[in-house]
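In: Below: sequence and its predicted model.
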Amino acid sequence: MNTGMDDDGIKAGSELEALLMDAASFEGMSNLEKMKWLEELENNVAMAIQWLMVGNSTKGLLSTGQVKKDQSITFTTKDGKTVTGTVQEDGTVKTSTGETYKDIYRSYDGKTFYTTEDYIEPTPEKPKEPEQPTTTDPTEKTIKVGGKINAKGAKIYGWPGGTGYTQYFKDDPIYKVLDIQGQYLKVRWHKRKSGTTGWFKKGDVKAYKQGGLADFTGPAWLDGTKSKPEYILNADQTKAFFELVDVLSGLNGIGQNSQITGDSIYDVDINVESIGSDYDVEQLAQTVKRMINDDARYRNNNAINLSR
């Protein structure tokens, strides 16, 4: 058997080939019958070799109990070296130097082993990437019905669980959420007044809240409208705005019992047709002062005095 076959099948001109031809009365066949017989023989031998290789591989022998896990076997490598290794649970053979061979076969004599393949190169372990700290986008919020989402780069679906497609409105991917069903969002493009545009997976899109402090560099989504515009301040304007807020907050701390005192001088000019006597002048002055005093004490303002 060993001299009549090789890895390609039956050797041409071998005693095995002659024996098979004689058994099949090859010489008595027509040329067409000879061609058909040789083709069938080649196919049958190829199938037999495949079966023998599988059945005689360390994996096949391990499954039938003809070799054992952790059993030591010696085999010949592709380049003619003699190597000893240990059978592993998956049928591979690992040498003492750490090399692993996958395809080890038992020879036709049933005693020796060989391989026609190189050993398996070990796959280097991919270094673990450092975990990125979890950051919270100050503009991000929970997606809800009636809110808007930014679906940049996301696939749009005709229905939940369907096939995803590229958005028609990919250059302006802003949508209003109409409904939420599990992990899918029913949406309408933000410039349309009615109808449904499609569905998005919730994990593929983002929602943004109005306002907020932008402390990052990059694009940001605005929700301004004609009726409710949003103002954008630069860094200096933002600083001045917060200073104004601080001043107004200080003013709000003034209670009802607080007093702001100081001298305030006013000129009061009264034009009349005529005054008959000094008494009339005195009476008029007293009347005007009393009117000013009464009006100044409106809402418990007591920080005013009558003086001449």
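Out: Noted; the coordinates are in hand. Numbering: from 1, shown residues only.
In: isn't Tyr175 right next to Arg188, touching?
Out: Yes - taking Cβ atoms under 8 Å as the definition, Tyr175 is a contact partner of Arg188 at 6.3 Å. Where you see a C-beta, it was placed from the backbone N, CA and C, and this is true even at glycine.
In: May I ask which helix or strand of the protein has the lowest mean pLDDT?
Out: Taking mean pLDDT, DSSP states H and E as the measure, the chain has strand 5-6 as its least confident helix or strand, at a mean of 64.
In: domain parsing for the protein?
Out: Following automatic domain parsing, one gets these domains for the chain: 5-55, 70-114, 148-207.
In: could you dump those to TSV with mean neighbour count and distance to Leu233?
Out: As requested, the domains of the chain are arranged in TSV below (neighbours: other Cβ atoms under 10 Å; distance: least, Cβ to Cβ, whole Å):
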stretch	mean neighbour count	distance to Leu233
domain 5-55	12	75
domain 70-114	15	65
domain 148-207	16	22
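In: Can I get these in JSON lines including distance to Ile120?
Out: As requested, the domains of the chain are exported to JSON lines (distance: least, Cβ to Cβ, whole Å):
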{"stretch": "domain 5-55", "distance to Ile120": "18"}
{"stretch": "domain 70-114", "distance to Ile120": "5"}
{"stretch": "domain 148-207", "distance to Ile120": "38"}
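In: Could you identify which of those has the lowest mean pLDDT?
Out: Lowest mean pLDDT of the domains of the chain: domain 5-55, a mean of 77.
In: Show me the common contact partners of Tyr175 and Arg188, please.
Out: Common contact partners of Tyr175 and Arg188 (Cβ atoms under 8 Å, 6 or more residues apart in numbering): Thr197.
In: now do the same end-to-end measure for stretch 195-205.
Out: One end of stretch 195-205 to the other measures 20 Å (Cα to Cα, to the nearest Å).
In: which residues are in contact with that stretch?
Out: For stretch 195-205, contacts defined as Cβ under 8 Å, 6+ apart pick out 143, 149-151, 153-160, 162, 169, 175, 178, 180, 183-189.
In: mind checking how far Gln237 is from Thr92?
Out: From Gln237 across to Thr92, the span is 70 Å (Cβ to Cβ, to the nearest Å).
In: Sorry, slip of the keys, the one I care about is Ala151.
Out: Note on Ala151: its distance to Thr92, by Cβ to Cβ, is 48 Å.
In: how about the strands of the stretch 151-300 of the chain, start to end?
Out: Using DSSP state E, counting those that start in this stretch, the strands of the stretch 151-300 of the chain run over residues 156-157, 164-165, 174-181, 184-189, 198-201, 206-207.
In: I'd like the ones you listed written out as JSON lines, with distance to Gln66 added.
Out: Formatted as JSON lines, the strands of the stretch 151-300 of the chain follow (distance: least, Cβ to Cβ, whole Å):
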{"stretch": "strand 156-157", "distance to Gln66": "55"}
{"stretch": "strand 164-165", "distance to Gln66": "51"}
{"stretch": "strand 174-181", "distance to Gln66": "58"}
{"stretch": "strand 184-189", "distance to Gln66": "55"}
{"stretch": "strand 198-201", "distance to Gln66": "53"}
{"stretch": "strand 206-207", "distance to Gln66": "61"}
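In: For Gly28, which of those strands is the nearest?
Out: Comparison of these against Gly28 by Cβ to Cβ identifies strand 164-165 as nearest, at 67.8 Å.
In: check contacts around Gly91.
Out: Taking Cβ under 8 Å, 6+ apart as the test, what Gly91 contacts is Ser57, Thr58, Lys59, Gly60, Leu62, Ser63.
In: Let me know the secondary structure of it.
Out: What DSSP: H, G, I helix; E, B strand; the rest coil gives for Gly91 is coil.
In: Could you check how far it is from Gly182?
Out: Between Gly91 and Gly182 the computed distance is 44 Å (Cβ to Cβ).
In: Looks like Gln167 contacts Ile156 (just checking).
Out: Yes - with contact defined as Cβ under 8 Å, Gln167 counts as touching Ile156 (4.9 Å).
In: State the three-state secondary structure for Asp79.
Out: Going by three-state DSSP: Asp79 is coil.
In: Give me the phi and psi for it.
Out: Backbone torsions of Asp79, given as degrees, to the nearest 10, read phi -100, psi 20.
In: That concludes my questions; thank you for your assistance.
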